[in-house]
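Novice: Test case, fold it:
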Amino acid sequence: MGVSFIRAILVFLLLIVSLRIMGKRQLGELEPLELVVAVLISNLASQPLQDTGTPLLYGIIPVLTLLCCQLIISGVSVKHGRFRRLVSGKPSILIDNGVIVQSEMKKCRISMDELYVELRINGITDISTVRHAILETDGTLSVLPYAKFSPATPEQLNVSAPDNGLPVTVVSEGRIMSDNLRLLGRDEKWVKNQLARRGVDSFRDVYIMTVDGAGKIYFAEKERKK
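Specialist: Residues are numbered from 1 along each chain as shown. Next comes the predicted model:
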């Protein structure tokens, strides 16, 4: 039992380190190369966990080999566009200047229903407002509407928009974020005063509380148990 526990911890740590080395992009976007590596690594890592008679190195060495291959291929892809297109493919234009490119739709095996789903995910309900829709190599759809249907920016409206910066969490699920408070130049006494104004007695009753650079506070109290 103890051997299995230690082996599981070691493999887990190895996978975490591998994903960190592969880069943050791998966590949210999987191109063909990354998908193949992720599937193979998960399969190889599971073998020494299932069979304690298998030497742990039999799982670690293939994982490290795949990781090195992925890093080498990624490095070459950055420097050579043709090699990258060979490995990852290239984006497909599904809508070009408002016209659905039916040949690309067929080539990518995407139905109109699937296209409408992706457009709705991008906040588009009227396909006639779309100038370009591009299927990226990681499977996501980039949608570019016509300029007249794009949201107006403050600069275009000739108005000033305050930059309040990123909100900083000061209380999360009943816990004080001391480091964040110091970053804001605040203390627990200030938080207690803010809670008192909202009729809250304890930090434990707060689900989330954030403060941005302009001092704007977002506050949500924990739901009461019924």
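Novice: Regarding the chain, what is its longest helix?
Specialist: Longest helix of the chain, by residue count under DSSP state H: helix 57-79.
Novice: Now that one: buried residues?
Specialist: Applying a neighbour-count criterion of 16 or more other C-beta atoms under 10 Å, one finds 59, 60, 62, 63, 66, 67, 70, 73, 74, 77 buried in helix 57-79. C-beta: built from backbone N, CA, C; applies to glycine.
Novice: Please apply the same query to stretch 159-169.
Specialist: Here stretch 159-169 shows residue 168 as buried, counting by 16+ other C-beta under 10 Å.
Novice: What of stretch 97-107?
Specialist: In stretch 97-107, counting by 16+ other C-beta under 10 Å, buried: 101, 104, 105.
Novice: Closest one of these to residue 155?
Specialist: Proximity to residue 155 was ranked across those by C-beta to C-beta; first place goes to residue 101, at 32.8 Å.
Novice: In this structure that closest one contacts residue 94, no?
Specialist: Yes. Using C-beta atoms under 8 Å, residue 101 is in contact with residue 94, at 5.9 Å.
Novice: coming back round to it: show me what the longest helix of the chain is packed against.
Specialist: helix 2-22, helix 32-50, helix 81-88 (3 or more C-beta pairs under 8 Å, 6 or more residues apart in numbering; DSSP states H and E).
Novice: tell me the mean pLDDT for it?
Specialist: In this model, helix 57-79 has a mean pLDDT of 78.
Novice: Okay, angle between that helix and helix 81-88 too, please.
Specialist: Between helix 57-79 and helix 81-88, the angle comes out at 140 degrees (axes from the mean of the first three to the mean of the last three C-alpha atoms, to 10 degrees).
Novice: Contact partners for residue 101?
Specialist: Residues counted as contacts of residue 101 (C-beta atoms under 8 Å, 6 or more residues apart in numbering) are 93, 94, 95.
Novice: In JSON lines: these, plus neighbour count.
Specialist: Listed next are those as JSON lines, based on neighbours: other C-beta atoms under 10 Å:
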{"residue": "93", "neighbour count": "14"}
{"residue": "94", "neighbour count": "24"}
{"residue": "95", "neighbour count": "22"}
